[in-house]
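K.L.:
my questions are about this predicted structure, shown below with the sequence.
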Amino acid sequence: MQREPGKTPACNQSLAPITPPNTAAELPHIRQGTPEFRRAVLALFMAGFATFGVLYCVQPLLPGFSSHFGISAGNSALALSASTGVLAVAMLVAGMVSDRIGRRPVMVVSLLTSALLTLATALTDDWNTILLLRTLLGLSLSGVPAVAMTWLVEEMDSRALGLAMGLYIGGNAVGGMSGRLIAGVVADHSGWRAGIAAVGVIALLASVALWTQLPASRHFRAKRAEPAQLPARFAGLFRDAALPWLFACGFLLLGVFVTLYNYLGYHLLAPPYGLSQTVVGLIFTVYLVGSVSSAWMGQLANRLGRGPVLALSFGLVLAGIVLLAMPWLPAMAMGIALATFGFFGGHSVASSWVGVRAGALRAEASALYLFSYYLGSSVVGALGGVFYTHWGWAGVCGFCLVLTLAGVGAAWRLWRRLEDATGLLLVR
């Protein structure tokens, strides 16, 4: 098969086994329909649910933080940006730690520590302490998303992997929605501390489920990481014709998406709308369109090519922002639905494209994509507060509009560059 232009060639493995060969390869993988399969998918669904629940539960509470602590919208948004910023960096090394000590221990300790930090946050009444705890949360959380997919690939039978992976990712999406929704609704009746505590209790139960239900690894072999080789391997990814643009797309997609949701609550709680915290929290049920979008846009990319579908995804986000800037609630509801649909579709296409392009460097490329992705949430989400403070909701929409136009340009350039190089529209 002819190699795509600019695709990074396979290189020598940088992870050397430190344990002698054993009979792990001869042990059966987990098959669909077995009790082990049901235990594993339940444990990882709950882990994904809790991970993204505790990460994003503060998003609907940002206006409450501003009111309680007397801080600006931008300062309040640091409760989320501090977590996602540290998470972006920590995920680069969490995988290497799990290569050495095992997948299951890293995930269990990560989730249990995150649950305890969330409960501690609910008991705190000092803003700087909350930011410290949320920063530590980003560090502790990194062990689940960086390792869970690797555990599934290692332990699941190939015919069971698709369903198991889909259920884990579904847990991520449902957890992100539910964490926001539960925190927002509980906070409306009992205050923001109770909202965070409710999500923390769920995470604590999820960590127990992960500990007791996830089967022991059968196919894991400890490996010694060689950090000295990582800079060269990362540099090789940036020589690819597509990967740097895909990293930029991930940065812009999550950055714009988180910024819109961060400050939409402020806009809708204030006059002339004056909506309740519960109603604002219900906005996050729009996340359900994400599961439809990811699957539908993925199938569309198989027919039309990933480049045009990625550009279409940014176009949907752009249309959503235009509707969100209008002063009518029905238009805004349609706008947030369009932006959410475009975000999930774009993330699905971009992340899968990264894996296809990277070849033997798939792990490093995925780590850099996730680094860029969560860095976008941290940086753009915090900057959005500056625009909201000075220019209100219109400033946030204008800021996101410019970034989305940059994303359209990146997706278009990515598509045309590959097409020009081959004379063909590359599906890959």
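P.N.:
Great, that's in hand. Residues are numbered from 1 along each chain as shown.
K.L.:
what ranges do the helices span in the stretch 51-200 of the chain?
P.N.:
Using DSSP state H, counting those that start in this stretch, the helices of the stretch 51-200 of the chain run over residues 62-69, 73-76, 78-101, 103-122, 127-141, 148-155, 158-190, 192-213.
K.L.:
how far does the longest one sit from the chain's center?
P.N.:
Centre-to-centre, helix 158-190 and its host chain are 12 Å apart (Cα atoms, centre = their mean, to the nearest Å).
K.L.:
next one: the second one
P.N.:
Mean C-alpha position of helix 73-76 versus that of the full chain (Cα atoms, centre = their mean) differs by 21 Å.
K.L.:
only alpha carbons, please: show it as CSV.
P.N.:
Provided in CSV are the C-alpha atoms of helix 73-76 (Å, rounded to 0.1, in the frame of the first residue of the first chain):
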residue,chain,number,x,y,z
ALA,A,73,-16.4,35.4,35.5
GLY,A,74,-12.8,34.8,34.2
ASN,A,75,-11.5,34.1,37.7
SER,A,76,-14.4,31.8,38.4
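K.L.:
now for that helix, which elements pack on it?
P.N.:
Using 3 or more Cβ pairs under 8 Å, 6 or more residues apart in numbering; DSSP states H and E as the contact test, the elements touching helix 73-76 are helix 62-69, helix 243-269, helix 362-422. The C-beta positions use only the backbone N, C-alpha and C, and glycine is treated the same way.
K.L.:
any idea which of the helices of the stretch 51-200 of the chain gets closest to residue 311?
P.N.:
Among the helices of the stretch 51-200 of the chain, helix 158-190 comes nearest to residue 311, with 23.2 Å by Cβ to Cβ.
K.L.:
tell me the angle that closest one makes with helix 148-155.
P.N.:
With axes from the mean of the first three to the mean of the last three Cα atoms, to 10 degrees applied, the angle from helix 158-190 to helix 148-155 works out at 150 degrees.
K.L.:
buried ones in helix 158-190?
P.N.:
Neighbour-count burial for helix 158-190, counted by 16 or more other Cβ atoms under 10 Å, picks out 160-161, 164-165, 167-188.
K.L.:
surely residue 139 touches residue 84?
P.N.:
No - Residue 139 is beyond contact range of residue 84, at 11.5 Å (criterion: Cβ atoms under 8 Å).
K.L.:
okay, those two: which has more neighbours?
P.N.:
Neighbour count, other Cβ atoms under 10 Å: between residue 139 and residue 84, residue 84 has more, with 26 against 18.
K.L.:
ok, the more buried one to residue 52 distance?
P.N.:
Distance, residue 84 to residue 52, by Cβ to Cβ, to the nearest Å: 11 Å.
K.L.:
overlap in contacts, those two.
P.N.:
Counting by Cβ atoms under 8 Å, 6 or more residues apart in numbering, no residue touches both residue 84 and residue 52.
K.L.:
low pLDDT regions in the stretch 101-250 of the chain?
P.N.:
For the stretch 101-250 of the chain, the stretches with pLDDT under 70 are 162, 166, 224-230, 233.
K.L.:
going along the chain, name the helices of the stretch 201-350 of the chain.
P.N.:
With DSSP H, counting those that start in this stretch as the criterion, the stretch 201-350 of the chain has helices at 230-237, 243-269, 277-282, 288-304, 306-324, 329-358.
K.L.:
which one of the ones you listed is the most hemmed in?
P.N.:
Stretch with highest mean neighbour count among the helices of the stretch 201-350 of the chain: helix 243-269 (a mean of 25; mean count of other Cβ atoms under 10 Å).
K.L.:
what's the angle from that helix to helix 62-69?
P.N.:
For helix 243-269 against helix 62-69, the angle by the same axes, to 10 degrees is 60 degrees.
K.L.:
which residue comes closest to residue 381 once chain neighbours are left out?
P.N.:
Spatial nearest neighbour of residue 381, chain neighbours left out: residue 258 (4.5 Å); criterion: Cβ to Cβ, 6 or more residues apart in numbering.
K.L.:
right, I mislabeled it, should have said residue 29
P.N.:
Nearest to residue 29 is residue 157, by Cβ to Cβ, 6+ apart, at 4.1 Å.
K.L.:
returning to that earlier point: got a markdown table for the helices of the stretch 201-350 of the chain, with distance to residue 90 too?
P.N.:
Putting the helices of the stretch 201-350 of the chain into a markdown table (distance: least, Cβ to Cβ, whole Å) gives the following:
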| stretch | distance to residue 90 |
| --- | --- |
| helix 230-237 | 15 |
| helix 243-269 | 16 |
| helix 277-282 | 28 |
| helix 288-304 | 24 |
| helix 306-324 | 27 |
| helix 329-358 | 19 |
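K.L.:
which of these sits closest to residue 148?
P.N.:
Of all these, helix 329-358 sits nearest to residue 148, with 14.6 Å by Cβ to Cβ.
K.L.:
return the most buried member of the helices and strands packed on helix 73-76.
P.N.:
helix 243-269 (a mean of 25).
K.L.:
can you tell me how far residue 205 is from residue 231?
P.N.:
41 Å.
K.L.:
likewise for residue 343?
P.N.:
Distance from residue 343 to residue 231, by Cβ to Cβ: 31 Å.
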